[in-house]
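Engineer: Structural data only, the sequence is not supplied:
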């Protein structure tokens, strides 16, 4: 099975939350959309900023560069979760050769993207602060990825990886705030879909290792709820072209088997039996989601 390079093949199915967890999920879906708080408990969908609330950029900043920065910072969110998934796969011996390749490629791209972000104009104090935070968190996270994967190291890695995803998310929002443009927000949202697909796989592999069992299951459900809500929002956006809608339809088709595999079992022992399939499907649907981002970037580019 070869899926280290993202090629191609995710909506219904799975298990319904009950009791307190269901109440919490419904509360989050209906809550405020202020994008405050850690992403792990921020499920609501934020709307685009109006130009009146956008942060004023420096005159040297171009729209094209800012849009590119939104996309690159958004990929950092995804890569933070993809490298965590690969690290956990490697520790459990799930498609180890592919996991090793995914981890290496994700680290290389993350560092390349970080250099690109630093080379872009940093038009506002919020952007400068967010990028400095992202770089600082990465210097703490990277050595943990170099350690041999083990349960103990996976526990230590958990908080560092969550902090990395939060920092990348903050950097993405900081660039979105520069223009407040609805299309840039849509690009950021599509990039967040990419991240959520990898995030679900990460928490799946925490569960198969018997770690953070209850919280990992809740995170799986929260990420699925946000993914489906935002996919609907992208599809129903007034900015969505026929080609974009076709791209969303393809994501839905590939999301379906991925979702079934993710939520087929709750018992970690049984989940381990589906681990290789979850790993493969996460790469396939993620690749298709990346293609949607590429489409959006092409539409945003000047003619």
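Structural biologist: That came through, no problem. For clarity, every value in this text was computed on a predicted model and none was experimentally measured.
Engineer: how about the helices in the stretch 201-303 of the chain?
Structural biologist: 213-235, 242-263, 268-273, 275-300 (DSSP state H, counting those that start in this stretch).
Engineer: Which strands or helices does the second one pack on?
Structural biologist: Using 3 or more Cβ pairs under 8 Å, 6 or more residues apart in numbering; DSSP states H and E as the contact definition, the elements that helix 242-263 packs against are helix 182-208, helix 213-235, helix 275-300. The way it works is simple: take the backbone N, C-alpha and C, and place the C-beta from them, glycine included.
Engineer: Just name the most buried of these.
Structural biologist: Ranked by mean neighbour count, the helices and strands packed on helix 242-263 are led by helix 182-208 with a mean of 25 (mean count of other Cβ atoms under 10 Å).
Engineer: pLDDT on it, on average?
Structural biologist: Regarding helix 182-208, the rounded mean pLDDT is 96.
Engineer: elements contacting it?
Structural biologist: helix 63-92, helix 151-179, helix 213-235, helix 242-263, helix 268-273, helix 275-300.
Engineer: First-to-last residue distance for stretch 115-134?
Structural biologist: 11 Å (Cα to Cα, to the nearest Å).
Engineer: any idea how far it is from the chain center?
Structural biologist: Centroid separation for stretch 115-134 versus its chain: 20 Å, with Cα atoms, centre = their mean, to the nearest Å.
Engineer: May I see the buried residues of that stretch?
Structural biologist: For stretch 115-134, a neighbour-count test (16 or more other Cβ atoms under 10 Å) marks 117, 120, 121, 122, 123, 124, 126, 127, 130, 131, 133, 134 as buried.
Engineer: Keep only those of these that are in helices.
Structural biologist: 117, 126, 127, 130, 131, 133, 134 (DSSP state H).
Engineer: Adding pLDDT and distance to residue 284, write the residues you listed out as JSON lines.
Structural biologist: Putting these into JSON lines (pLDDT from 0 to 100; distance: Cβ to Cβ, whole Å) gives the following:
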{"residue": "117", "pLDDT": "96", "distance to residue 284": "28"}
{"residue": "126", "pLDDT": "94", "distance to residue 284": "35"}
{"residue": "127", "pLDDT": "95", "distance to residue 284": "33"}
{"residue": "130", "pLDDT": "97", "distance to residue 284": "31"}
{"residue": "131", "pLDDT": "97", "distance to residue 284": "32"}
{"residue": "133", "pLDDT": "98", "distance to residue 284": "32"}
{"residue": "134", "pLDDT": "98", "distance to residue 284": "28"}
